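[1] Fold the following and give me the result.
(one chain, ligands or ions: 3)
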Amino acid sequence: MAGNHAETVLNEVRKTLADVQESGRPKHIAIIMDGNGRWAKQRGKLRVFGHENGVEAVRKTVENCARLKIDYLTLYAFSTENWNRPKLEVETLMRLLVASLRRELKTLTENNIKLNAIGRIDSLPDRVHKELKEVIEKTSSHTGTTLTLALSYGSREELKTAVKTLCSKVKNNLISPDHIDETIINNHLYTHDLPDVDLLIRTSGEHRISNFLLWQIAYAELYFVDAFWPDFQEHHLVEAIMNYQNRERRFGKTSEQLDSADRTIPLSE
Ligand code: IPE
Ligand code: IPE
Ligand code: MG
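    Ligands and ions are numbered 1, 2, ... in the order given. Prediction:
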């Protein structure tokens, strides 16, 4: 009885999409969707049960971000390190990915969402690769939220590949080392056509980055949620965004500089 009352009160204070103010919304949200295994374990089930239930949280989150007109949503779905998990778990994750891509093409189309992928896409099984390519092509003309799936993604691997490509360009005299700047490095990452991450969310109570977008989160605001990924709901997303909107992003400057009319004074002056 007391529990039910507490839940009712909680529901009343829970925020919905309508509570999010338009100004100052993050342009790019990235999410480390963690905790599927523990969610299943709590229920006495196998880890794959958690992954199966995580799919619904993905669908809802993608739809909610589209409704909130978030320009870019990037989801960490499978890391380079996740290949080291038991074979059955990896196979289940790949199977779920193919099934979701097939099923959710309609959702992506209805919500004007454009699909994109980052990571060692060529290392994915053929059927995943094929399905992914197909949905990316079919949604390429959409102009709403860009949904990027990080698959077989590792930030160090991404940086290593970029360094190798740049070295070979230098060796072939296509570029001079003197000309290598942050823009050029950025252009050689999987994320070259995405803006920097504004808000990074991780579920499951873990406070680490796990090799995700190391370069791209240089100035992201970090937000951690205790809920396991299958329990991640609209109010969690809304609370993360509202929390972000209340933060002051200083990018190395002082508060006073941000308050002053001229925010463009170089630090050296
Ligand atoms: C996240 O949940 C999904 C993937 C990494 C693919 P986990 O499978 O890592 O779940 P926990 O962290 O073990 O609970
Ligand atoms: C990060 O979660 C990868 C994904 C969410 C896809 P992990 O569960 O693999 O990370 P660690 O092992 O806890 O750092
Ligand atoms: Mg995990």
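
[2] drop to CA atoms for contacts and neighbour counts, all remaining ones
    OK.

[3] ok, residue 235 touching residue 13?
    No - with contact defined as Cα atoms under 8 Å, residue 235 does not reach residue 13; the gap is 9.7 Å.

[4] So between those two, which is more surrounded?
    When neighbours are counted by other Cα atoms under 10 Å, residue 235 and residue 13 differ, and residue 235 comes out ahead with 16 against 9.

[5] For that one, give its distance to residue 61.
    10 Å (Cα to Cα, to the nearest Å).

[6] what do you get for residue 28?
    Distance from residue 28 to residue 61, by Cα to Cα: 14 Å.

[7] what helices or strands is the helix or strand harbouring residue 235 leaning on?
    Using DSSP states H and E, residue 235 maps to helix 234-245. With contacts defined as 3 or more Cα pairs under 8 Å, 6 or more residues apart in numbering; DSSP states H and E, helix 234-245 has these neighbours: helix 47-67, strand 199-202.

[8] Tell me which residues touch the residue nearest to residue 237 when sequence neighbours are not counted, please.
    Nearest-residue entry for residue 237: residue 61, 7.6 Å, with adjacent residues in sequence omitted and distances by Cα to Cα, 6 or more residues apart in numbering. Neighbour list for residue 61: 233-234, 237 [criterion: Cα atoms under 8 Å, 6 or more residues apart in numbering].

[9] let's see it at 10 Å
    By Cα atoms under 10 Å, 6 or more residues apart in numbering, the contact set of residue 61 is 31, 55, 67, 73, 75, 232-234, 236-237.

[10] need these in a markdown table with distance to residue 120 and neighbour count, can you?
    Shown next, in a markdown table, are the contacts of residue 61 (distance: Cα to Cα, whole Å; neighbours: other Cα atoms under 10 Å):
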| residue | distance to residue 120 | neighbour count |
| --- | --- | --- |
| 31 | 19 | 21 |
| 55 | 22 | 17 |
| 67 | 30 | 14 |
| 73 | 19 | 25 |
| 75 | 15 | 24 |
| 232 | 27 | 21 |
| 233 | 29 | 17 |
| 234 | 31 | 19 |
| 236 | 30 | 20 |
| 237 | 28 | 19 |
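
[11] farthest pair in these?
    For the contacts of residue 61, the maximum inter-member distance is 18.6 Å, found between 55 and 67 (Cα to Cα).

[12] Point me to the residue of the stretch 151-269 of the chain nearest ligand 2.
    Residue of the stretch 151-269 of the chain nearest ligand 2, by Cα to the nearest ligand atom: residue 210 (4.5 Å).

[13] My read is that that residue contacts residue 32, right?
    Yes - using Cα atoms under 10 Å, residue 210 makes contact with residue 32 at a distance of 8.7 Å.

[14] which one of the two has more residues nearby?
    More crowded of residue 210 and residue 32, by other Cα under 10 Å: residue 32, with 23 against 14.

[15] Please enumerate the helices of the stretch 151-269 of the chain.
    Using DSSP state H, counting those that start in this stretch, the helices found in the stretch 151-269 of the chain span residues 155-171, 182-187, 234-245, 255-259.

[16] List the contacts of stretch 238-250.
    14-26, 29, 64-65, 68, 198-201, 219-225, 234-237, 255-258.

[17] Just the buried residues of the residues you listed.
    Neighbour-count burial (16 or more other Cα atoms under 10 Å) applied to the contacts of stretch 238-250 gives 15, 17, 20, 25-26, 29, 64-65, 68, 198-201, 220-225, 234-237.

[18] hmm, back to that, what separation is there between the residue nearest to residue 237 and residue 101?
    For residue 61, the distance to residue 101 - Cα to Cα - is 15 Å.

[19] again, but for residue 51
    Applying Cα to Cα, the value for residue 51 to residue 101 is 15 Å.
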